[in-house]
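Asks: Sequence first, then the predicted structure:
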Amino acid sequence: MIAMTNLVEIRNCRQAYHKDSNADLVVLDNVDLTLAEGEIVGLLGRSGSGKSTLLRIVAGLLTPTSGDVRWRGAPMTGPAPGVAMVFQSFALFPWLTVEENVELGLEALGIGRAERADRAEAAIDLIGLGGFESAFPKELSGGMRQRVGLARALVVQPELLLMDEPFSALDVLTAETLRTDLIDLWMEKKLPIKSILMVTHNIEEAVLMCDRILVFASNPGRVASEIKVPFAHPRNRHDAAFRQMVDDIYALMTRRAPTPPPAIASPAAAAGFATRLHPVNTNLLAGLMETLVAAPYGGRADLPALADDLQMELDELFPLGEVLHLLQFAVLEEGDIRLLDAARAFVDADTDTRKTMFAAALRTQVPLIAAIRRTLDERWNHRAPALRFRDELEDHMSPDYAEETLDAVIGWGRYAELFSYDDESGQFSLDDIEVGQ
Ligand code: ADP
Ligand code: MG
């Protein structure tokens with residue numbers, strides 16, 4: 001019998017951020033993860049579902065609030081020596097050559113000059129950058145830079161390779177080449193690594209590369225399902241079974257449990273402030289509704305088919321669908337998007353009526369927008385600094401998400417003519433706004 005060795009074992013992991021005067025923000029709740037030698041595991045989920053956080057916990061860079069984290073059976077106490085990480089952006093030093101960038105990780109390990117050079121060259125060759133040793137990052141394409149990032153991770157001969165959306169900053173073709181090259185190296189056992197854990201929001205990428213996929217759900221981040229991918233490499237995206245699995249995962253990720261908001265103590269949260277909003281463009285929202293009303297859709301579409309037709313990625317289409325869902329112009333269900341009557345009325349309306357409809361939807365469905373408008377109505381000078389709302393948002397989400405949420409609110413409010421916003425002073429106001437009701 002072959003004993004399977006587990007590299008990583010995580011049990012009952014919870015990560016929460018404490019917020020003064022508010023309920024804690026729970027980023028990961030009750031997460032279990034086991035990584036065995038010989039497997040590629042994918043973490044798939046929407047933005048904000050805690051994937052990067054879990055990756056940092058696996059790397060030993062972050063100690064979770066609670067839970068048991070083990071590396072080769074022993075409690076993890078800090079950065080694990082057998083782990084290397086590749087990030088989405090190519091964190092290369094511009095003033096160092098390719099070879100010097102790759103050698104960096106070895107210097108930290110105290111390895112001598114000659115051996116460093118040998119190992120760096122081997123890693124550079126392996127990853128297909130032979131001949132570019134003395135090039136500088138600015139002379140390389142995005143794909144080649146990401147190869148340097150990979151070489152830098154591999155040169156330390158890690159047992160576990162962690163990748164956080166490693167291909168998402170690359171164009172489609174480059175990303176595909178790099179994925180295939182990596183899988184080829186893995187299959188030919190040319191890599192020192194024993195296991196790969198990768199984060200992605202791209203379903204096809206997960207099905208193409210992984211042996212096992214953990215699908216995350218948000219609020220709090222948790223593992224909603226686990227899917228085994230039984231196909232042998234090299235995989236074919238056009239295989240019926242491959243397509244079916246992609247479709248099934250789409251359906252799984254868009255399935256809505258009736259969502260009672262999590263029990264939250266603070267009044268601001270209860271009013272819906274805690275919701276993170278994606279700053280999607282109102283023209284795109286209108287365009288999507290127009291497309292869906294027309295043939296061949298007739299008000300309803302299968303999301304994967306729609307993404308294909310519109311040549312969009314999951315991560316672009318989802319937020320649009322979500323906003324339409326939030327504003328009750330559409331419903332997302334079981335992998336489909338279905339328009340509601342309000343959307344048909346919107347599509348038939350003229351520009352001014354569209355703005356009025358959008359404004360009404362925003363005021364009823366987005367508490368933050370209602371609050372901003374109420375504040376402006378009540379103040380004698382009809383002004384309020386955005387800072388005030390940002391602070392409140394940051395009690396419920398990271399500063400980045402607060403910024404995004406404010407961006408969304410500013411864009412939508414401007415379009416709907418609910419308020420003005422001055423970028424320079426950072427002030428909301430009712431300047432140039434027709435104040436009717
Ligand atoms: P993903 O990688 O799935 O997009 P992340 O792990 O980056 O998700 O983030 C999950 C959640 O944790 C987000 O809501 C984010 O705002 C929050 N978060 C991450 N880091 C911090 C932090 N230092 N303080 C507060 N919230 C944080
Ligand atoms: Mg992330």
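Replies: Cool, the structure landed. Ligands and ions are numbered 1, 2, ... in the order given.
Asks: Can you tell me which residues in the stretch 101-250 of the chain are near ligand 1?
Replies: Contacts of the stretch 101-250 of the chain with ligand 1, taken as CB under 6 Å from any ligand atom, map to residue 221. All C-beta atoms are positioned from the backbone trio N, CA, C, and that covers glycine.
Asks: Enumerate the helices of the stretch 101-250 of the chain by residue range, in sequence order.
Replies: 113-126, 142-154, 172-187, 203-209, 240-254 (DSSP state H, counting those that start in this stretch).
Asks: same deal with the stretch 251-400 of the chain?
Replies: Under DSSP H, counting those that start in this stretch, the stretch 251-400 of the chain gives helices at 267-270, 282-293, 303-309, 314-326, 341-348, 351-365, 367-378, 386-394, 399-415.
Asks: Out of those helices, which is closest to ligand 1?
Replies: helix 399-415 (4.5 Å; CB to the nearest ligand atom).
Asks: which residues sit in contact with the residue most central in space within the chain?
Replies: In the chain, the residue lying closest to the centroid (CA atoms, centre = their mean) is residue 47, at 3.2 Å. Listed by CB atoms under 8 Å, 6 or more residues apart in numbering, the contact partners of residue 47 are 201, 278, 315.
Asks: List the contacts of the residue nearest to the first one when sequence neighbours are not counted.
Replies: Distances taken as CB to CB, 6 or more residues apart in numbering put residue 315 closest to residue 201, at 5.0 Å, once the chain neighbours are dropped. The neighbours of residue 315, taking CB under 8 Å, 6+ apart as the test, are 47, 168, 201-202.
Asks: how far does the helix or strand harbouring residue 41 sit from the chain's center?
Replies: For residue 41, the host element (DSSP states H and E) is strand 40-44. Mean-position distance between strand 40-44 and its chain equals 13 Å (CA atoms, centre = their mean, to the nearest Å).
Asks: Tell me the strands beside that strand, with direction?
Replies: strand 195-200 (parallel), strand 212-217 (parallel) (DSSP bridges).
Asks: Okay, angle between the first one and helix 172-187 too, please.
Replies: In terms of direction (axes from the mean of the first three to the mean of the last three CA atoms, to 10 degrees), strand 195-200 departs from helix 172-187 by 160 degrees.
Asks: what residues does strand 195-200 touch?
Replies: 7-8, 35-44, 51-52, 55, 58, 159-168, 186, 206, 209-210.
Asks: got the angle for that strand vs helix 314-326?
Replies: Going by the same axes, to 10 degrees, strand 195-200 makes 50 degrees with helix 314-326.
Asks: How much space separates the residue nearest to residue 201 from residue 125?
Replies: Distance, residue 315 to residue 125, using CB to CB, to the nearest Å: 34 Å.
Asks: Quick check: the residue nearest to the centre of the chain vs ligand 1, distance?
Replies: 4 Å (CB to the nearest ligand atom, to the nearest Å).
Asks: Name all residues that make contact with the residue lying closest to residue 200 once chain neighbours are set aside.
Replies: Nearest residue to residue 200 in three dimensions, chain neighbours excluded: residue 206, at 5.3 Å (CB to CB, 6+ apart). By CB under 8 Å, 6+ apart, the contact list for residue 206 reads 42, 44, 198, 200, 213, 229, 249.
Asks: Let's have those in TSV, adding neighbour count.
Replies: Listed next are these as TSV, based on neighbours: other CB atoms under 10 Å:
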residue	neighbour count
42	27
44	27
198	25
200	25
213	24
229	18
249	22
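Asks: Having no further points to raise, I will conclude here.
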